[in-house]
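**Q** please find the sequence and the predicted model below.
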Amino acid sequence: MRFDLDGLDVFFPYDRIYLEQHQYMRSLKQSLDAGGHALLEMPTGTGKTVCLLSLITSYQYAHPSTGKLIYATRTVPEMNHVMQELATVLEYRDSELRKHELPGDASTSNTNQQQQQLPLLGPLPHRPDKTLALCLSSRRNLCIHERVLQESDREAVDAACRSLTATWVVEAASSNNNIETCPYFDTLQAAGESTTLPSGVYDLEALQDWGRRKNWCPYYLTRRAINHANILVFNYQYMLDPKVARMVSSELEAESIVVFDEAHNIDSVCIEALSVTLNDRGLEQATRSLGRLSSEVARQKATDSRRLQEEYQNLVNGLVDQGLLQAAPANDQGLASNVLDPDVVNESVPGNIRRAEHFVGFMKKVVEHLKQRLRSVAGPNGGVRSETPLAFLHRMTNGTALEAKPLRFAYSRLQSLLRTLQVSNLDDYNALSDVADFASLLSTYSEGQAKFAIIMEPNSSSMPGMSDPVIQMTCLDASLAIAPLFKRFASVIITSGTLSPIDLYPKLLQFEPCVSESLSMSTFRPCIRPLMISRGSDQMAVSTRFEDRGDMGVVRNYGAMLVELCSVIPDGVVAFFTSYSYMESLISEWDAIGILRELTKYKLVFIETKDVVETTLALDNYRRACDCGRGAVFLSVARGKVSEGINFDRHYGRAVIMFGIPYQYTLSHTLRARLEYLQTNLQIREQDFLNFDAIRQVSQCVGRVIRSKTDYGLMIFADIRFNRHDKRSKLPKWILQFMNDGCLNLSTDTAVAHVKSFLRLMGQPIDQDALQSVLLTMDEVNKMNPAPPTIVAGSGGAMIISEDGS
């Protein structure tokens with residue numbers, strides 16, 4: 001469908017469009033026209049991704065001065081999905097442009113024929129618009145070197161890659177054939193300026209295929225091609241984490257359009273990007289790293305002191321002049337500080353840390369002080385302590401006789417030293433880099449309003465009997481990481497299917513959206529049935545409140561509720577609990593009283609664990625059980641892996657049961673510090689934020705059940721507190737539209753009757769005429785976009801005539 005939207009020629013790759021899709025694209029266009037930011041919530045399973053891509057690529061085509069589309073997602077599967085959708089959109093646009101340019105040509109196949117073919121990924125140099133779309137990821141996802149790929153984890157892959165591609169390794173290999181380098185990187189370097197990517201849509205697999213075809217390294221090829229690409233798709237961290245953003249996103253033009261998809265937890269991502277945690281084990285590793293550095297510096301001075309002397313002279317010239325901040329070659333980059341660019345001082349490194357041996361001694365004092373602070377916290381007179389960065393820095397400078405200013409340069413100075421010493425395996429220095437990062441953040445953000453808190457705890461371990469004292473430098477202000485993006489880019493779009501309650505995001509992120517909208521779902525049948533169960537079959541109230549969760553009556557009622565629901569709901573059922581510990585305690589109690597034995601009569605039981613491999617295997621077997629008709633129930637945790645990135649569409653999720661409200665652990669000292677900051681500086685009350693955070697997690701969990709218009713599912717909220725208006729009113733509009741008074745304050749028996757009625761209704765054949773009624777035709781879309789008024793010139797002036805002639 002190619003239609004006009006308020007003067008914009010939109011290429012939408014399907015014959016018909018939903019009303020909410022049209023409304024979403026209109027809101028999106030309004031924010032782009034205004035050059036402002038947007039907060040947009042669209043129901044899950046209604047084609048949000050294709051709307052974003054269709055509208056923004058059409059906007060780029062109509063306005064060539066528009067910069068790149070930067071599409072940030074959370075996971076690799078989501079990135080691949082975006083690239084597939086993008087290929088569909090661009091393929092349709094190409095076919096429409098060819099129709100216009102070459103009428104009667106064989107390329108004028110209709111849209112239905114286009115959609116029956118898989119979208120083409122990879123190089124498409126003959127496209128009329130010459131669009132280049134790239135998917136960026138880590139070495140582990142892009143590397144094609146067989147030996148490097150044999151490494152077990154991401155850090156090991158990075159280290160193996162650097163050992164083959166570092167500048168000094170390549171230089172040494174030019175005079176010594178026995179030194180191994182990466183043939184793909186060498187070929188890429190030898191190709192020089194000719195290493196360009198033809199236009200096309202490149203997901204991770206397509207990039208690897210192109211790399212093998214040309215014998216080029218895909219990872220470094222994408223880094224070179226960033227400035228030439230029209231569309232970039234990558235992880236949030238490439239924009240929000242200063243360590244990564246400085247290497248990838250620093251040269252993106254200000255006219256670019258930035259999209260954060262599935263951004264309901266974006267404030268948490270911002271805070272994690274600027275927080276550092278140190279423990280005993282890490283500080284011991286840092287001490288060993290300093291010992292290795294000291295030995296290496298002594299060896300270097302004895303054999304070839306020239307490099308150390310050159311580094312010293314460069315440090316005298318200043319950080320920017322000698323290229324520490326931006327100009328390191330891509331193959332040598334590995335360390336970068338959490339300190340944001342505007343806060344990095346552009347001046348000479350202080351004299352007392354310019355010499356390598358002086359800097360190593362300086363860092364030894366820092367590490368020893370941190371160890372001493374940890375010992376005092378874990379000792380008999382210790383306990384949890386919270387300090388501002390200024391207070392912590394004051395104690396550090398008094399206790400070590402160190403100056404505050406050199407601390408600000410700790411990370412950059414460490415980066416320079418590791419490069420000078422030609423260290424390839426940076427994994428050995430991760431703990432030391434954390435200490436240097438801590439020192440740089442501490443010194444940089446110690447002045448002015450305290451936007452960080454230093455929290456020292458004697459035991460952060462969840463294992464009983466284990467002692468693991470930690471020092472956390474936690475960011476309290478989520479806007480700190482994202483504020484540079486709001487200032488730098490014309491339009492930042494924050495969108496998700498579960499942003500509700502949407503009103504707190506502008507406060508948390510400190511920005512003013514020019515468009516903020518939550519859309520309803522157009523539907524031809526009531527495909528969602530939300531049910532609020534507040535009582536068990538014995539009429540006893542059920543809740544996961546701390547004072548109630550251990551009550552055997554609540555435990556028994558929750559178990560009986562799950563068994564009764566699973567006995568009448570076919571196929572897959574997903575149950576979410578408030579935490580791992582609560583799920584484990586309930587499962588243990590259910591096993592003791594025979595609930596689990598009863599449950600397995602109806603469905604197989606699978607459980608999410610903290611181990612990613614175990615959970616992935618459980619998910620695979622859960623789907624197999626649903627496919628073969630046996631049926632299954634998956635017990636999982638809100639805020640876990642399953643609640644965030646896994647869809648339970650069709651028979652994989654006929655119902656989602658939310659046992660309780662997943663509030664954060666309110667005794668967490670980190671959370672207490674953030675709540676105090678929000679209350680004092682942003683006037684966000686503690687209970688308002690806790691409710692906001694818990695309900696968005698609930699929305700994310702129950703939203704897993706519906707993924708298309710023809711899908712259907714039950715959303716069961718099992719806690720008496722959900723009946724309160726201040727809780728349920730914060731759910732997304734597209735869930736509330738299906739909720740009426742008959743769905744509230746139910747007992748288990750009444751809810752089971754509702755379930756049976758709903759499943760009977762949904763079990764009827766789909767009315768295709770009714771389904772088509774929620775899809776807008778081209779004529780209906782044109783009617784929603786009225787023609788502009790006509791100005792008719794007359795002898796006495798001009799007269800405006802509207803479309804209806806008035």
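**A** Noted; the coordinates are in hand. None of the values given here were measured: they were computed from a predicted structure.
**Q** buried stuff in stretch 485-500?
**A** 485-486, 489-500 (16 or more other Cβ atoms under 10 Å). C-betas here are computed from N, CA, C, even on glycine.
**Q** closest to Ser376 among those?
**A** Distance to Ser376, by Cβ to Cβ, is smallest for Leu485 among these, at 39.4 Å.
**Q** spit out the contact partners of that closest one.
**A** By Cβ atoms under 8 Å, 6 or more residues apart in numbering, the contact set of Leu485 is Met239, Leu240, Val258, Val492.
**Q** average model confidence for the helix or strand that contains the third one?
**A** With secondary structure defined by DSSP states H and E, Val258 is part of strand 257-260. Average pLDDT, strand 257-260: 95.
**Q** among the buried residues of stretch 485-500, which has the minimum pLDDT value?
**A** Ser500 (82).
**Q** please settle this for me: is that one part of a strand?
**A** No: using DSSP: H, G, I helix; E, B strand; the rest coil, the assignment for Ser500 is coil, not a strand.
**Q** pull the contacting residues for it.
**A** Taking Cβ under 8 Å, 6+ apart, one finds Glu41, Ser518, Ile695, Arg696, Ser699, Lys730, Leu731, Pro732, Lys733 in contact with Ser500.
**Q** same thing with Asn691?
**A** Contacts of Asn691 (Cβ under 8 Å, 6+ apart): Pro501, Asp726, Lys727, Lys730.
**Q** buried subset of these?
**A** So, of those, Pro501, Lys727, Lys730 end up buried under the neighbour-count rule (16+ other Cβ under 10 Å).
**Q** pretty sure the first one is touching Ala694, no?
**A** So that's Pro501. No: contact criterion Cβ atoms under 8 Å: Pro501 and Ala694 do not qualify, at 10.5 Å.
**Q** and the contacts of Leu485, which of them are in strands?
**A** Residues of the contacts of Leu485 located in strands (DSSP state E): Val258, Val492.
**Q** and the contacts of Leu485 as TSV, adding distance to Phe577?
**A** Formatted as TSV, the contacts of Leu485 follow (distance: Cβ to Cβ, whole Å):
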residue	distance to Phe577
Met239	33
Leu240	29
Val258	35
Val492	35
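**Q** which of the contacts of Leu485 ranks first by neighbour count?
**A** Val492 (27 neighbours; other Cβ atoms under 10 Å).
**Q** give me the distance between the closest residue in space to Ala655 that isn't next to it in sequence and Cys628.
**A** Leaving aside its chain neighbours, Ala655 sits nearest to Leu714 (3.9 Å; criterion: Cβ to Cβ, 6 or more residues apart in numbering). Distance, Leu714 to Cys628, by Cβ to Cβ, to the nearest Å: 22 Å.
**Q** neighbour count: the two, which is higher?
**A** Neighbour tally, Leu714 and Cys628, criterion other Cβ under 10 Å: the higher count belongs to Leu714, 24 against 9.
**Q** other SSEs contacting the helix or strand hosting that one?
**A** Taking DSSP H and E as the criterion, Leu714 maps to strand 713-718. Applying 3 or more Cβ pairs under 8 Å, 6 or more residues apart in numbering; DSSP states H and E, we find strand 713-718 packed against strand 528-535, helix 552-568, strand 655-659, helix 686-702, helix 748-762.
**Q** determine which stretch of these is the most buried.
**A** Scoring those by mean neighbour count under mean count of other Cβ atoms under 10 Å gives strand 655-659 as the most buried, with a mean of 26.
**Q** and the helix or strand just after that one with helix 686-702, angle?
**A** Of the helices and strands lying after strand 655-659 in sequence (DSSP H and E), the nearest is helix 669-681. Helix 669-681 and helix 686-702 are oriented at 120 degrees to each other (axes from the mean of the first three to the mean of the last three Cα atoms, to 10 degrees).
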